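Q: What follows is a predicted protein model with its sequence.
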Protein chains: 2
Amino acid sequence: MKNIFSLLLFFTLGHLPTHSFAQTEFAADSIFIKKIFDESLARGKAYEWLRVLTTEIGGRLSGSEGAEKAVTYSQKVMESEGFDRVFLQNVNVPHWVRGKAEKAYIQAGSKQITVPIAALGGSVATPKEGVKAQVVEVMNFEQLRALGKEKIQGKIVFYNRPMDPTKLNTFEAYAGAVDQRGNGATEAAKLGAVGAIVRSMTTRLDDFPHTGGMRYGAGVPLIPTAAISTNGAELLSKTLKENPATQFYFQQNSESLPDAPSHNVVGETRGSTQASEILVVGGHLDSWDLAQGAHDDGSGCVQAIEALRLLKSLGYQPKRTLRAVMYMNEENGLRGGVAYADSARSKKENHLAAIESDRGGFTPLGFGIVGDAAKKAKIMAWQPLFIPYGLYAIGPGGGGADIGPLAQQGATLLGLVPDSQRYFDYHHAASDKFEAISQRELQMGAASMAAMLYLIDKYGL
Amino acid sequence: MKNIFSLLLFFTLGHLPTHSFAQTEFAADSIFIKKIFDESLARGKAYEWLRVLTTEIGGRLSGSEGAEKAVTYSQKVMESEGFDRVFLQNVNVPHWVRGKAEKAYIQAGSKQITVPIAALGGSVATPKEGVKAQVVEVMNFEQLRALGKEKIQGKIVFYNRPMDPTKLNTFEAYAGAVDQRGNGATEAAKLGAVGAIVRSMTTRLDDFPHTGGMRYGAGVPLIPTAAISTNGAELLSKTLKENPATQFYFQQNSESLPDAPSHNVVGETRGSTQASEILVVGGHLDSWDLAQGAHDDGSGCVQAIEALRLLKSLGYQPKRTLRAVMYMNEENGLRGGVAYADSARSKKENHLAAIESDRGGFTPLGFGIVGDAAKKAKIMAWQPLFIPYGLYAIGPGGGGADIGPLAQQGATLLGLVPDSQRYFDYHHAASDKFEAISQRELQMGAASMAAMLYLIDKYGL
């Protein structure tokens, strides 16, 4: 096996270019990027900002008091860091509320076994007295449709397809299961079901229900739908195997209120020579109500502010205008991302690139890039500068939901890619809290974003 | 910047070799390694074994009841997995006990502020009534010696040099601070100090004291020494700045008992055609008494057993003999590693390679290799097979303490290198418990070790 890989090996081990001007540039960039990481790891501020956002403010679902406190807090932080301009953008957001905590049990013979559930975001309430019905377990929509109206009418559909644990990137496993959450209620309602229960989107077996957004299709009855914890799902499945006539009861009090006024929060460091070219770094301020929203996406917000602070604290004068954007309402509407892009279009702003962090505050491993091939290649060529920090994976990939709408305006999109193994342990569940964050990992991500901003600002795209 | 990296880029992106036989081999290996990871992630057993080892058995310091239970348990697990042979090796181990929990406070004026400390492993007790004395804070031995006997006599020396947070590999930061723990008492005693307090080896600020081994130099008084939590160290330092006459009190009850009998535990899958060549995969069974020893090194033990189980469960028939070795007494003596190597030498066993996991159960990022250049290059050439699993860093590095003694017998040593950012949050502290382990990350590491065993077995070195 030795020879076939030797050439490859020679190059993967980071032999540096020999052209002397390029070497000088490479050395200068290396030194500056090391300064960014040093500042971040030794004197970083993101962790303390996150502590306030998660433990003092807490859950920040669009339309909630927490969301408005988060707007005020992030504005205050950017102002106190002396950014050149800090401003709010109006966004009208959906306003869904959970109401009183849900109740649910499995009726196993004469026994009622309580299980943890959480209404899915956007779901209607059950009738006040709850819903109780026989349960039909399915793994996918094909199986559901094959059962047909006759078997589904009047029942509760239980979607129990797990995220595939063999997917190395847990986001792929999520993508392969999340249709149950998004469309499960609608598909079940088409066949006359009275409710839909969805296995939580995580590969862990535990007692946390993981909520998340769902949508009703047009013209079908709005039936209540909730996530059940993975341990609950395993128990329900086992009970059904023992007794197919097992019933399930759940009661939830969720409600959709009229849209509420809210804001994106933007902080800006003005460019010196090419101020009209804008580089964005961002995350989303809103989070599900069940938790403190630490990984999703308090991390991304404080990392975005920190990225600008790191460059400023090192005396870096950008050529281009750098913006940290806290988007509102990624979770159940994406209104913030759309509003930001609409504003950019109407003001004829020129967004060169946007970087988002919305995959958790874990050790960064790379960036995913969306954009034209030449620009992508230019960014990928900076790879050797990131290898000392463990970011080996800089290549094609997803940018981020909030920055997505900027693509139509020609912006190159970059998504920070941290280690994904633990993300869905916390995602949309009560466990997504400050304690789940490592200060060092969070700061490594902020520094990675600052380094990428620096390179795009310096060399353009 | 584009051109200078384009060639490099071309190769780092994993273009595959074109030689057709090599391609076939590469494809076969890729497929088998994917099976290893699939089995590990979908049906892995390491996490449940770790649960028993950490939550049912708990701390396993050499000579303790926990250590002996761990010997019996790991033997039982390997027997129940049907390994060809499971056997114990006698090892006489140091037997240090903490005794009753320590007490400590800062005497700040008339106020006594309690701070968390933990005796360092090997330290003597204080007198029964404890030690109370003025404190001298130093950052290193040079500063200590410059102060001299006059300033140190009768005082408690407080070593407060932090691990350098800007080191990207936290093991380097550890290496740059741990002399204070290992030799601090001896260096202080040479100048007449009555005790030594050492800042915990972690970059986090928290309330956990982190213990660890220390040694007394010959011919100096044995003074008591303890780790203080990082928050405690910050407070003590601040108090000393306000009042240099601040006193510190501590009382500890540790004791060194006569050496105790214990064991390494070895499980073996016999080789088919080259059985006399042995490949070892291992971790150390013992752990400090303060915690459950989950990352250090319950993880490595269960990963080693799992690596053999994974290959067996896939029907793989090794050519060479594969051994999972649970070493005893890595923490305060390394007697298990020495005993294993001694036994191998006396039996004229031929150890081709040994792999250790003793850097925590985090997401694997690579392997460090110690050995002759040609063998190292052969292993590094397998790199492309590991890239789909995120192991980009396969190269020169440390093997592991327990397998170290095998180097003299010509064995190539490999150390699993997981993400190091969080390791010292837990290392040797009460926080190193089962909850700190991610099942997926643990199983990724086990699969990585199994894949490396497979390649060494198949291709030799």
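A: That came through fine.
Q: which one is A:Gln180 nearest to, not counting chain neighbours?
A: A:Tyr159 (3.8 Å; CB to CB, 6 or more residues apart in numbering or on different chains). Where you see a C-beta, it was placed from the backbone N, CA and C, and this is true even at glycine.
Q: Would you mind measuring from that neighbour to A:Val115?
A: As for A:Tyr159, its distance to A:Val115 is 15 Å (criterion: CB to CB, to the nearest Å).
Q: more crowded one of these two?
A: Neighbour count, other CB atoms under 10 Å in any protein chain shown: between A:Tyr159 and A:Val115, A:Tyr159 has more, with 28 against 21.
Q: which ones are touching the more buried one?
A: A:Val138, A:Met139, A:Gln180, A:Arg181, A:Gly184, A:Ala196, A:Ile197, A:Val198, A:Arg199 (CB atoms under 8 Å, 6 or more residues apart in numbering or on different chains).
Q: What residues are bridge-paired with it?
A: A:Val138, A:Val198 (DSSP bridges).
Q: Can you give me the pLDDT of it?
A: For A:Tyr159, the pLDDT comes out at 98.
Q: can you check A:Gln23 too?
A: 82.
Q: Around it, how many other residues sit close by?
A: 13.
Q: For the helix ranked longest in chain A, name the packing helices and strands.
A: Secondary structure of chain A per DSSP state H: the longest helix is helix A:20-43. In this structure, helix A:20-43 packs against helix A:299-313, helix A:383-386, helix A:439-459, helix B:2-12, with contacts taken as 3 or more CB pairs under 8 Å, 6 or more residues apart in numbering or on different chains; DSSP states H and E.
Q: how about 7 Å then?
A: helix A:299-313, helix A:383-386, helix A:439-459 (3 or more CB pairs under 7 Å, 6 or more residues apart in numbering or on different chains; DSSP states H and E).
Q: Nearest to B:Thr246, out of these?
A: Comparing the helices and strands packed on helix A:20-43 against B:Thr246 with CB to CB, the closest turns out to be helix A:439-459 (28.6 Å).
Q: buried stuff in stretch A:138-146?
A: A:Val138, A:Phe141, A:Leu144 (16 or more other CB atoms under 10 Å in any protein chain shown).
Q: With respect to B:Asn332, which of these is nearest?
A: So of the buried residues of stretch A:138-146, ranked by how close each gets to B:Asn332 (CB to CB), first place is A:Val138, at 55.8 Å.
Q: show me what contacts A:Ile197?
A: Neighbouring residues of A:Ile197 by CB atoms under 7 Å, 6 or more residues apart in numbering or on different chains: A:Ile156, A:Phe158, A:Ala226, A:Ile228, A:Phe248.
Q: redo that, cut-off 6 Å
A: A:Phe158, A:Ala226, A:Ile228 (CB atoms under 6 Å, 6 or more residues apart in numbering or on different chains).
Q: interface residues of the stretch 351-461 of chain A facing chain B?
A: Residues of the stretch 351-461 of chain A lying close to chain B by CB under 6 Å from any CB of the partner chain are A:Thr363, A:Lys378, A:Met380, A:Ala381, A:Tyr392, A:Asp419, A:Gln421, A:Arg422, A:Ser438, A:Arg440, A:Glu441, A:Tyr459.
Q: List buried residues within these.
A: So, by 16+ other CB under 10 Å, the buried ones in these are A:Thr363, A:Lys378, A:Met380, A:Ala381, A:Tyr392, A:Asp419, A:Gln421, A:Arg422, A:Ser438, A:Arg440, A:Glu441, A:Tyr459.
Q: Give me the average confidence score over stretch A:440-449.
A: Here the average pLDDT along stretch A:440-449 is 98.
Q: Can you pull out the residues in contact with it?
A: Against stretch A:440-449 from outside (CB under 6 Å, 6+ apart): A:36-37, A:40-41, A:44, A:46-47, A:281, A:299, A:303, A:306-307, A:355, A:361-364, A:391, A:416, A:418, B:421.
Q: got the contacts of A:Ile197 as JSON lines, with distance to chain B and neighbour count columns?
A: Formatted as JSON lines, the contacts of A:Ile197 follow (distance: CB to the nearest CB, whole Å; neighbours: other CB atoms under 10 Å in any protein chain shown):
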{"residue": "A:Phe158", "distance to chain B": "22", "neighbour count": "25"}
{"residue": "A:Ala226", "distance to chain B": "25", "neighbour count": "25"}
{"residue": "A:Ile228", "distance to chain B": "20", "neighbour count": "27"}
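Q: coming back round to it: helix A:439-459 and the longest helix of chain A, what's the angle between them?
A: Relative orientation of helix A:20-43 and helix A:439-459, computed by axes from the mean of the first three to the mean of the last three CA atoms, to 10 degrees: 150 degrees.
Q: Please report the average pLDDT across stretch A:269-276, rounded to a whole number.
A: 98.
Q: Between the two ends of stretch A:390-407, what distance do you get?
A: One end of stretch A:390-407 sits 28 Å from the other (CA to CA, to the nearest Å).
Q: now swap in stretch A:400-409 and tell me
A: End to end - CA to CA - stretch A:400-409 spans 15 Å.
Q: Kindly report the same for stretch A:108-117.
A: 17 Å.
Q: what number of residues lie near the residue lying closest to A:Tyr423 once chain neighbours are set aside?
A: Excluding the flanking residues, the one nearest A:Tyr423 by CB to CB, 6+ apart is A:Gly360, at 4.4 Å. Applying other CB under 10 Å, we find 30 residues neighbouring A:Gly360.
Q: In three-state terms, label A:Gly360 for me.
A: With DSSP: H, G, I helix; E, B strand; the rest coil as the basis, A:Gly360 sits in coil.
Q: Please list all residues in contact with it.
A: So A:Gly360 contacts A:His295, A:Pro418, A:Tyr423 (CB under 6 Å, 6+ apart).
Q: now these as a markdown table including pLDDT?
A: Converted to a markdown table, the contacts of A:Gly360 look like this (pLDDT from 0 to 100):
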| residue | pLDDT |
| --- | --- |
| A:His295 | 98 |
| A:Pro418 | 98 |
| A:Tyr423 | 98 |
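Q: mind listing what's buried in stretch A:379-392?
A: Buried, per 16+ other CB under 10 Å, within stretch A:379-392: A:379-387, A:389-392.
Q: Same question for stretch A:109-121.
A: In stretch A:109-121, counting by 16+ other CB under 10 Å, buried: A:Val115, A:Pro116, A:Ile117, A:Ala118, A:Ala119, A:Leu120, A:Gly121.
Q: Looking at these, which is nearest chain B?
A: Chain B lies nearest to A:Pro116 out of those, by CB to the nearest CB, at 18.4 Å.
Q: Please name the nearest non-neighbouring residue to that closest one.
A: A:Ser229 (4.4 Å).
Q: Give me the neighbour count for the one you found.
A: 24.
Q: which SS state does the closest residue to A:Ser200 other than its chain neighbours fall under?
A: Counting by CB to CB, 6+ apart, A:His210 is the residue found nearest to A:Ser200 once chain neighbours are left out, at 4.0 Å. At A:His210 the chain is in coil, as set by three-state DSSP.
Q: Quick check: phi and psi at A:His210.
A: Here is the backbone geometry of A:His210 (degrees, to the nearest 10): phi -110, psi 110.
Q: contacting residues for it?
A: A:Ser200, A:Met201, A:Thr202, A:Ala227, A:His428, A:Ala429.
Q: Go ahead and build a PyMOL selection from the buried members of those.
A: A single PyMOL command selects the buried members of these (16+ other CB under 10 Å):
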select buried, chain A and resi 200+201+202+227+428+429
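Q: Point out where chain A drops to low pLDDT.
A: A:1-21 (pLDDT under 70).
Q: Walk me through the domains of it.
A: Per automatic domain parsing, the structural domains of chain A span A:20-96+A:258-459, A:99-253.
Q: Can you say which of those is packed in most?
A: domain A:20-96+A:258-459 (a mean of 22; mean count of other CB atoms under 10 Å in any protein chain shown).
Q: From start to finish, how long is stretch A:119-137 in a straight line?
A: End residues of stretch A:119-137 are separated by 18 Å (CA to CA).
Q: tell me which element A:Gly368 falls in.
A: Applying DSSP states H and E as the criterion places A:Gly368 in strand A:364-370.
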